[in-house]
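Undergrad: give me the fold of what follows.
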Amino acid sequence: MTADSIRYLSNSDMGMELIFCENSTISYPTHNHVSVLTIGIVLDGSLVLTVNNSVKVCEKNHTFVICPYMPHRISAHNSYTLLSICIDKKIAAHCPADAIRRNVAALLMNHVNTEKINPYQILELLNCLNPFDAYTDWHAKIQHPFINNLKKQLELYPEDKFSVEEMAQNAFLSKYHFIRSFKAQVGLTPHQFQLQNRIRKAQRLMHNMETIAEVALSTGFCDQSHFIKQFEKQVGLPPLTYKLSSKIINTGEISQHKAGINFANR
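TA: Below is the predicted model:
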């Protein structure tokens, strides 16, 4: 998979990231998105989406919504072309749905090649946000206080060294009861969740550090080869290829009236 096959565009002002996968055959292991609400549409081909053990074959023009902390995985059914928008969960929970739709539409119209997504598909993607209130109650479920605090700590500081035994002792639970309780609340085991968040932090640091070794050490990996292997497993691209495929855009680059931009020319 090359940098031209997957493009990442993020805008911190909007609290959104656009991910465009073209003719991809990448499968992603079970994971969750801790900080974003994700909406997506299959533009071509098909994939198998498993959400909370519910399996669905998504074909052309099929849409999906994945709430924060919802465990899911993607299996390549055939090659697929997929467009996803990740929306910061704080914005998703508190910003009016119409304003989010306008921002999503502006991001799409400015940074997606109009030959690769048609107006019908854009409308279908925006319609994912119609039953908006149904997606804003993920934070309402009852949570174990210690697990909730630990979850936040692993999100902010995944590079810190935590053993499962230490976590369980601090929660006054047996190791196996703690693992079961953590997975029931977060969707992943403590080790899976920490590893996932190390890779997510590495993605954020990639543009601010000169070498892969620096990123690996800053995210708690002592072995660079292990870091590269885990990064590619989670992201679908090696770290350097990901860095080439991603771009941070600012609000000044977005206009409600500009034409689409071909990813291949960026």
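
Undergrad: list phi and psi for residue 63.
TA: phi -110, psi 160 (degrees, to the nearest 10).

Undergrad: all numbers from here: first residue = 31
TA: With the count now opening at 31, the last piece we talked about shows up as residue 93.

Undergrad: per-residue confidence at it?
TA: Residue 93 carries a pLDDT value of 95.

Undergrad: residue 141 now?
TA: On the pLDDT scale, residue 141 is placed at 68.

Undergrad: please report how far residue 150 lies from residue 110.
TA: With the distance defined as Cβ to Cβ, to the nearest Å, residue 150 ends up 18 Å from residue 110. Every residue, glycine included, has its C-beta placed from N, CA and C.

Undergrad: more crowded one of those two?
TA: It is residue 110, of residue 150 and residue 110, that has more neighbours when counted by other Cβ atoms under 10 Å, with 23 against 9.

Undergrad: that one - nearest residue in space that isn't next to it in sequence?
TA: By the measure of Cβ to Cβ, 6 or more residues apart in numbering, the closest residue to residue 110 outside its immediate chain neighbours is residue 75, 3.7 Å from it.

Undergrad: close enough to count as contact, the one you found and residue 92?
TA: No: proximity of residue 75 to residue 92 does not meet the contact threshold set by Cβ atoms under 8 Å, at 10.8 Å.

Undergrad: those two: who's more crowded?
TA: Counting neighbours by other Cβ under 10 Å for residue 75 and for residue 92 shows that residue 75 has the greater number, 20 against 15.

Undergrad: need the contact list for that one.
TA: For residue 75, the contacting residues are 53, 89, 90, 107, 108, 109, 110, 111, by Cβ atoms under 8 Å, 6 or more residues apart in numbering.

Undergrad: the strand or helix carrying it - what's its average pLDDT?
TA: Applying DSSP states H and E as the criterion places residue 75 in strand 66-81. Mean pLDDT, strand 66-81: 94.

Undergrad: adjacent strands (with direction) for it?
TA: Under the criterion DSSP bridges, strand 66-81 sits next to strand 84-89 (antiparallel), strand 93-96 (antiparallel), strand 102-118 (antiparallel) in its sheet.

Undergrad: if I look at residue 278, how far off is residue 44?
TA: According to Cβ to Cβ, residue 278 and residue 44 sit 12 Å apart.

Undergrad: roughly how far is stretch 97-112 from the heart of the chain?
TA: Distance, stretch centre to chain centre, for stretch 97-112: 10 Å (Cα atoms, centre = their mean, to the nearest Å).

Undergrad: in that stretch, what counts as buried?
TA: By neighbour count on 16 or more other Cβ atoms under 10 Å, the buried set for stretch 97-112 is 97, 98, 99, 100, 101, 102, 104, 107, 110, 111, 112.

Undergrad: widest-spaced pair of the residues you listed?
TA: 99 and 111 (27.1 Å; Cβ to Cβ).

Undergrad: and residue 157, how far from residue 240?
TA: 43 Å.

Undergrad: higher neighbour count, these two?
TA: Ranked by neighbour count (other Cβ under 10 Å), residue 157 and residue 240 place residue 157 first, with 13 against 7.

Undergrad: from what I see, the more buried one and residue 93 are in contact.
TA: Yes: proximity of residue 157 to residue 93 meets the contact threshold set by Cβ under 8 Å, at 7.4 Å.

Undergrad: where exactly do the strands run in the stretch 131-280 of the chain?
TA: Here the stretch 131-280 of the chain has its strands, by DSSP state E, counting those that start in this stretch, at 276-278.
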